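A.B. asks: here is a sequence with its predicted model. Questions after.
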Number of protein chains: 4
Amino acid sequence: MSLNTFGHLFRVTTWGESHGPALGATVDGCPPGVPLDEATLQHWLDKRKPGQNKYTTQRREADAVRILSGVFEGRSTGTPIQLMIENTDQRSKDYGDIAEKFRPGHADITYWQKYGIRDYRGGGRSSARETAARVAAGGVARAALESLAPGLTLTGYMVQMGPRRTDPTRHDMDEIPRNPFWCPDPQAAEDWAGYLDDLRKSGDSVGAVIEIRASGVPVGLGAPVYGKLDTDLAAAMMSINAVKGVEIGEGFAAAALTGSANADEITMGPDGPVYSSNHAGGILGGISTGQDVVVRFAVKPTSSILTPRRTITKSGEETEIVTKGRHDPCVGIRAVPVGEAMAACVLLDHLLLHRGQVGEAGGRIGPAG
Amino acid sequence: MSLNTFGHLFRVTTWGESHGPALGATVDGCPPGVPLDEATLQHWLDKRKPGQNKYTTQRREADAVRILSGVFEGRSTGTPIQLMIENTDQRSKDYGDIAEKFRPGHADITYWQKYGIRDYRGGGRSSARETAARVAAGGVARAALESLAPGLTLTGYMVQMGPRRTDPTRHDMDEIPRNPFWCPDPQAAEDWAGYLDDLRKSGDSVGAVIEIRASGVPVGLGAPVYGKLDTDLAAAMMSINAVKGVEIGEGFAAAALTGSANADEITMGPDGPVYSSNHAGGILGGISTGQDVVVRFAVKPTSSILTPRRTITKSGEETEIVTKGRHDPCVGIRAVPVGEAMAACVLLDHLLLHRGQVGEAGGRIGPAG
Amino acid sequence: MSLNTFGHLFRVTTWGESHGPALGATVDGCPPGVPLDEATLQHWLDKRKPGQNKYTTQRREADAVRILSGVFEGRSTGTPIQLMIENTDQRSKDYGDIAEKFRPGHADITYWQKYGIRDYRGGGRSSARETAARVAAGGVARAALESLAPGLTLTGYMVQMGPRRTDPTRHDMDEIPRNPFWCPDPQAAEDWAGYLDDLRKSGDSVGAVIEIRASGVPVGLGAPVYGKLDTDLAAAMMSINAVKGVEIGEGFAAAALTGSANADEITMGPDGPVYSSNHAGGILGGISTGQDVVVRFAVKPTSSILTPRRTITKSGEETEIVTKGRHDPCVGIRAVPVGEAMAACVLLDHLLLHRGQVGEAGGRIGPAG
Amino acid sequence: MSLNTFGHLFRVTTWGESHGPALGATVDGCPPGVPLDEATLQHWLDKRKPGQNKYTTQRREADAVRILSGVFEGRSTGTPIQLMIENTDQRSKDYGDIAEKFRPGHADITYWQKYGIRDYRGGGRSSARETAARVAAGGVARAALESLAPGLTLTGYMVQMGPRRTDPTRHDMDEIPRNPFWCPDPQAAEDWAGYLDDLRKSGDSVGAVIEIRASGVPVGLGAPVYGKLDTDLAAAMMSINAVKGVEIGEGFAAAALTGSANADEITMGPDGPVYSSNHAGGILGGISTGQDVVVRFAVKPTSSILTPRRTITKSGEETEIVTKGRHDPCVGIRAVPVGEAMAACVLLDHLLLHRGQVGEAGGRIGPAG
């Protein structure tokens, strides 16, 4: 990870501000020959697009992605892919106050203190709009994974909104696209609808926990000691705006377990090792086991709220701030496709890294031939 | 982060296996002129050293660090600093079984499947011994921070052992070195002693949660969007063996809060902004606010236990395994100095990065002069 | 240097193909507060623009650069700067033959063999058009250098066209912009005009040697052992299309000298060390001395020529090729502003790196205070 | 390239000073399963070892390399390989003068000015001894190449000593190890012997040009635009101490050629494309063609000579310096195995990079099946 780039071989650099002319992602290191067009990427952007229901910001953005380079006659060429999304709905007047006041819990103050200059319009670089570029890049990664790891599927969903968690025994992956919260538990989704409606009306916001599950991940991705698959997943998720925590598999709950309870016992199945459980979240020693890779991250509540909060101005005067404008009462909802995109990028990157260092080698388990 | 390197400008590459001749860290990018000698580094290694009490592995290692390069007449020269720790207590016979069987919950199986070869002696590269190299490198970072950010202090401590948490209202930083658990809550420490003793006798192990707190961190460290201070802290902690979760400030608890509750309100103090609380953990938009930087990470229970677990052999036969040898009932204890070391490296790295890109500039808050 | 990125802290990623919708550069790590607008960058692009006289390709490109991000109210914000140049003059019909045949001496065949797909239109990614993006990025670097190293000046010029060299005793820096060859020797420029006219009419092309001279470079830029200033300059120049050699200071001529002849003796001047000569080209041990940094690079003759050459087709048939279209008889001419741009990027990058690692420290020469 | 690291996937970090306890290389990203032991690496170090004849420094160093990690039971494990060479012959008294005076043409003054501290003993980090670590790392790269590109051979030789060049028509690769200069032209070798003897006696030194030729390089290594094979080779060679110029194939001579003369025409052979010549030096558009990769670099004469030169002291006084001690009259001789080692590292790195991004894909030339 450099300042605005992540990835080792599959490298994504995002650029752009909320209210500038455009934003986008420069994707380097994509394998050649991957079928790719704007419609495919648009599919993923549309999942994240704001204004789709009353639970997300009412800003209306087409979020139409253009491929400016690196694709020829419908396939990637192996050279950098430039993805551009023009900003079309920039109602700057909504943000007038923000030029002088710092929103509590927001990057306004630290950008100013660090750089001595900031594009305050709509949060500039720190706006959640930046994540549109990630989703576009994730679309490229998904297309490449389709060729390189055909059985791999990636699913993101929300497992907690505010203090209200889903019940895992009710999880049904088919439910996810059927409600506005990407929630696998239909009963929770219903409950959340009323809860969030009330919050929205009261001018407040709330946090969330998102889980990303990758099935069909090849064995052997990731590397000790700093290039671990879980390290890169943690960094990828933590780099998303408003994320304050990341966990793999059992996560923080593992702290409360004993070694005997936490061990995923191994038996031999027809196609190789079989695990009795997946406390590990599909990763041992930083390397994928072939089980589902499970990552969860916590998104804090949006700090742009209608409830007045105490703050100061650039000239040091104490004041109050109310963030009008079009904000998400639960920004975690739109973080679901973003988390999926980040996971896709990390998995592809590690697949290429593994192929680069190890190739087809690797250890076989079974009776000596 | 490359495979075995972390950091942007202050770069640490660790190397070495548990039972090879030596292990160590190659530290590049250290500022010149930093006072440095082996005794200073040894101080930190001694904190982590095994065998100091009955709660950590009884392996006896001097863990004596040698500086092989990059220091001249007691000061760093700006060139790579090579830190070497020889392995002196390598009772390989303890690990005989491990050559053929895979410990559940351990990297044994994934190393084998990825590389087709592994140094199984003592876990090889995946052994917790690798973290000794991190602690040595962290000692270099601390020495540099002492010159560059004199007011900065770094304190790590355990806040949860198994299911038993400390009570933050009883936290007293002076208590930390007084018990074998780096626990700031004396009552919890007492409670844990009995709990862990029982676990150890029963041949089991347990997880833990460690908190690292950095006070006096300069404002403005970290950078959007992927070079965030919290991103790099998350990666640094997640890269430590057995870590399954990382959180900043409020962390996962932020998911349950409303935006109005989670906002750290800002007022104006004599020396600049003052915050009403620190839900953010000292980081907004990836950039330090000047408040305490607070990171927590969860360590899973050691998978090397005396309780028999089902597993398979390299040739695919089902069997059981009991890991004899000298293991930590709560490896989280020794993770405390490791977490501190990682935090020191990340903070120094970001301090250099900030100085590189921004220099002395930055925005002032106060009445226009 | 990653695949399409160069630089450590000031990082430039170029993207785009000759006949795609656009090309550009993603510039990350620029210091904040640098005065920057499109007109400033356009100034440098206009120096490189084709079609300005009969000695460069007659392709007509406005080469108008747009700043899409990272600049706010006329100053850099410290976040990524996206520079886009739309391709407006794409006469694809000129390049029909190229889809099937490989031009000898051109990247056509290796791109095909490596990737199995290539954007053959106008050379795609391997077109000299890619260098427009470098010039734009170099403009950003120059603007930053103006703030950070005010006395620094950068001048590129051609010192050899085909076998015809300039006479250094006639070099006059004021002459450079007065002739179409960026030639500091007016007599050579006149001679080259006739020579190149003949070559152009005969449908052939010729190589060149360009020299870049940076004056006022601060002492201390560059770092051992692989981050040397000369290493990064060599890589930067060698990465320019058609460059086949790079040298610093005396360069290859140093091989023929004795140690006594090649030594730049040192005496003490009023402001510090004074050197009797500059065989070293301003760099010792990879670190700048404060003398002029002098880099030269050799550009091979364009392989796109009207003279028929033997080649093969994708299906392996032997044939001949004549590259019609609008090509440069001496592509070295347009390499002059490109070399300047690359030098600007490298110098700024090392200035930031030095500031990051070392800050204001450094050794003083003179009587102890 | 970071400060002391080079390579993308196969990454080498060298560390150590001339008169410290040891120096070495940390090699990360080596493929697993490569047969490797100390004897294999020692073979290459012995080629570079000083004191083998009267033409190289009389310093007596065993230069015995130890493998401290990353190799298990004779094969690489895929984890970092630490290579250490202890410094055994450190006659510090030889270098007394150097603590206060700066040798003209040497890194003494720039290290001091940059860092404000330097290990002056034997040149410290800027000593040619650093290259021993490169040779050891190159030995690892060669071993890996033997598995991954079995037909690849790498040969380095000297083609110019001072003003005296070899005659390519007399080149015989079998002659190279038969003379102390790695010279492929026996007549030139004889001539050089007398010439260098005279120089040595007169207390002077002289420069050289070395050529590295790699045969059997797979097609398709290297990547546009900054990850070019020639870019990385240029950086690798320029990073070697005392190197002042690098060229590929025709190199600077290409500047004097016309496009028609410089084109390597292509015909179809039984196994694919055949080129009429190799002006390109085996690289087109940054990607290998399958022809011999040919790199040349110029080494300046050693600045440590017995001829007195004017210089200054740290306190700014003018003085003279004579570098006693044990120095190489033509340091270029020992640069031959170093250049080979660097080329081996770059080729392996690009082989892994190519495998990572492209895998087995790539374009076929021949009749459609």
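C.D. replies: Structure's in. What do you need?

A.B. asks: how about the residues of the stretch 51-200 of chain A near chain B?
C.D. replies: Proximity of the stretch 51-200 of chain A to chain B, by Cβ under 8 Å from any Cβ of the partner chain, involves residues A:102, A:104-118, A:125-126, A:130, A:160, A:162-163, A:199. Backbone N, C-alpha and C define where each C-beta goes, glycine included.

A.B. asks: buried subset of those, written for PyMOL?
C.D. replies: Buried members of those can be picked out in PyMOL with the line below, counting by 16 or more other Cβ atoms under 10 Å in any protein chain shown:
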select buried, chain A and resi 102+104+105+106+107+108+109+110+111+112+113+114+115+116+117+118+125+126+130+160+162+199
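
A.B. asks: which ones among the residues of the stretch 51-200 of chain A next to chain B map onto strands?
C.D. replies: Among these, the ones falling in strands (DSSP state E) are A:Gln160.

A.B. asks: ok, and of the residues of the stretch 51-200 of chain A next to chain B, which contact chain C?
C.D. replies: Among those, chain C is touched by A:114-118, A:125 when using Cβ under 8 Å from any Cβ.

A.B. asks: nearest to C:Ala255, of those?
C.D. replies: Nearest to C:Ala255 among these is A:Tyr115, at 47.6 Å by Cβ to Cβ.

A.B. asks: just list the residues touching the closest one, thanks.
C.D. replies: With contact set as Cβ atoms under 8 Å, 6 or more residues apart in numbering or on different chains, A:Tyr115 has these partners: B:358, B:361-363, C:32-33, C:77-78.

A.B. asks: most widely separated two among those?
C.D. replies: Among the contacts of A:Tyr115, the pair separated by the greatest distance (Cβ to Cβ) is B:Gly362 and C:Thr77, at 12.8 Å.

A.B. asks: neighbour count: those two, which is higher?
C.D. replies: Set B:Gly362 next to C:Thr77 and count neighbours by other Cβ atoms under 10 Å in any protein chain shown: C:Thr77 wins out with 26 against 18.

A.B. asks: so that one makes contact with C:Gly70?
C.D. replies: Yes: using Cβ atoms under 8 Å, C:Thr77 is in contact with C:Gly70, at 5.8 Å.

A.B. asks: now the common contact residues for those two.
C.D. replies: Common contacts of C:Thr77 and C:Gly70, defined by Cβ under 8 Å, 6+ apart, comprise A:Glu17.

A.B. asks: A:His365 reaches B:Trp112, doesn't it?
C.D. replies: Check again: residue A:365 is Ile, not His. Yes: the criterion here is Cβ under 8 Å, and A:Ile365 meets it with B:Trp112 at 7.4 Å.

A.B. asks: and stretch A:270-287, how far from the chain's centre?
C.D. replies: Mean-position distance between stretch A:270-287 and its chain equals 24 Å (Cα atoms, centre = their mean, to the nearest Å).

A.B. asks: do stretch A:262-270 as well
C.D. replies: Distance of stretch A:262-270 from the chain centroid (Cα atoms, centre = their mean) equals 31 Å.

A.B. asks: list the buried residues of it.
C.D. replies: Buried residues in stretch A:262-270 (16+ other Cβ under 10 Å): A:262-266, A:268.

A.B. asks: quickly find the element holding A:Val295.
C.D. replies: Assigned by DSSP states H and E, A:Val295 belongs to strand A:293-299.

A.B. asks: show me what contacts A:Cys345?
C.D. replies: A:6-7, A:10, A:12, A:134, A:137-138, A:141, A:236 are the contacts of A:Cys345 under Cβ under 8 Å, 6+ apart.

A.B. asks: low-scoring stretches of chain A, by residue?
C.D. replies: Within chain A, the segments meeting pLDDT under 70 span A:1, A:50-52, A:56-60, A:89-96, A:325-326, A:369.

A.B. asks: helices along that one, start to end?
C.D. replies: A:38-48, A:108-115, A:130-148, A:186-201, A:229-238, A:259-262, A:332-357 (DSSP state H).

A.B. asks: most packed of those?
C.D. replies: Sort the helices of chain A by mean neighbour count, taking mean count of other Cβ atoms under 10 Å in any protein chain shown, and helix A:229-238 sits at the top with a mean of 30.

A.B. asks: which residues touch that one?
C.D. replies: Here helix A:229-238 makes contact (Cβ under 8 Å, 6+ apart) with A:1, A:6, A:212, A:221-222, A:243, A:246, A:248, A:281, A:283, A:286-288, A:293, A:295, A:297, A:339, A:342-343, A:345-346, A:349-350, B:1, B:226, B:228, B:230-232, B:234-235, B:237-239, B:244, B:246, B:248.

A.B. asks: chain C contacts on the stretch 51-200 of chain A?
C.D. replies: Counting by Cβ under 8 Å from any Cβ, the stretch 51-200 of chain A sits next to chain C at A:66, A:68-70, A:72-73, A:75-82, A:84, A:114-119, A:124-125.

A.B. asks: what do you get if the cut-off is 6 Å, keeping everything else the same?
C.D. replies: Neighbours of chain C within the stretch 51-200 of chain A, by Cβ under 6 Å from any Cβ of the partner chain: A:68-69, A:72, A:75, A:77-80, A:82, A:115-117, A:119, A:125.

A.B. asks: count of neighbours near A:Pro80?
C.D. replies: Counted with other Cβ under 10 Å, the neighbours of A:Pro80 add up to 29.

A.B. asks: I figured it hits A:Gly29, correct?
C.D. replies: No: using Cβ atoms under 6 Å, A:Pro80 makes no contact with A:Gly29, being 8.4 Å away.

A.B. asks: smallest gap between the stretch 201-350 of chain A and chain C, at which residue?
C.D. replies: A:Asp349 (12.3 Å; Cβ to the nearest Cβ).

A.B. asks: quick one: that residue and A:Phe10 touch, right?
C.D. replies: Yes: between A:Asp349 and A:Phe10 there is a contact at 4.1 Å, judged by Cβ under 6 Å.

A.B. asks: what residue in the stretch 151-300 of chain A comes nearest to chain D?
C.D. replies: A:Pro224 (6.3 Å).

A.B. asks: verify the stated contact: that residue with B:Gly123.
C.D. replies: No: judged on Cβ under 6 Å, A:Pro224 makes no contact with B:Gly123 at a distance of 10.7 Å.

A.B. asks: quick check: bridge partners of A:Leu284?
C.D. replies: A:Ile287 (DSSP bridges).

A.B. asks: between the buried residues of stretch A:262-270, which sits nearest B:Glu318?
C.D. replies: Looking at the buried residues of stretch A:262-270 and their distance to B:Glu318, the nearest is A:Met268, at 5.5 Å (Cβ to Cβ).

A.B. asks: wait, that closest one sits on B:Gly316?
C.D. replies: Yes: assessed by Cβ under 6 Å, A:Met268 is found in contact with B:Gly316 at 5.0 Å.

A.B. asks: show me what contacts the closest residue to chain B within the stretch 101-250 of chain A?
C.D. replies: Ranking the residues of the stretch 101-250 of chain A by distance to chain B (Cβ to the nearest Cβ) places A:Ala107 first, at 2.3 Å. Taking Cβ atoms under 6 Å, 6 or more residues apart in numbering or on different chains, we find A:Ala107 in contact with A:126, B:284-285.

A.B. asks: biggest separation within the residues of the stretch 51-200 of chain A next to chain C, which pair?
C.D. replies: Largest separation among those by Cβ to Cβ: A:Arg75 and A:Gly116, giving 44.9 Å.

A.B. asks: in the stretch 251-369 of chain A, what residue lies closest to chain B?
C.D. replies: Using Cβ to the nearest Cβ, the single residue of the stretch 251-369 of chain A nearest to chain B is A:Gly285, 2.2 Å away.

A.B. asks: got the contact list for the strand holding A:Val295?
C.D. replies: Residues outside strand A:293-299 that contact it (Cβ under 6 Å, 6+ apart): A:207-214, A:217, A:233, A:237, A:242-249, A:281-282, A:332, A:335, B:252, B:254-255.

A.B. asks: now these: which count as buried?
C.D. replies: Buried members of the contacts of strand A:293-299, counted by 16+ other Cβ under 10 Å: A:207-214, A:217, A:233, A:237, A:242-249, A:281-282, A:332, A:335, B:252, B:254-255.
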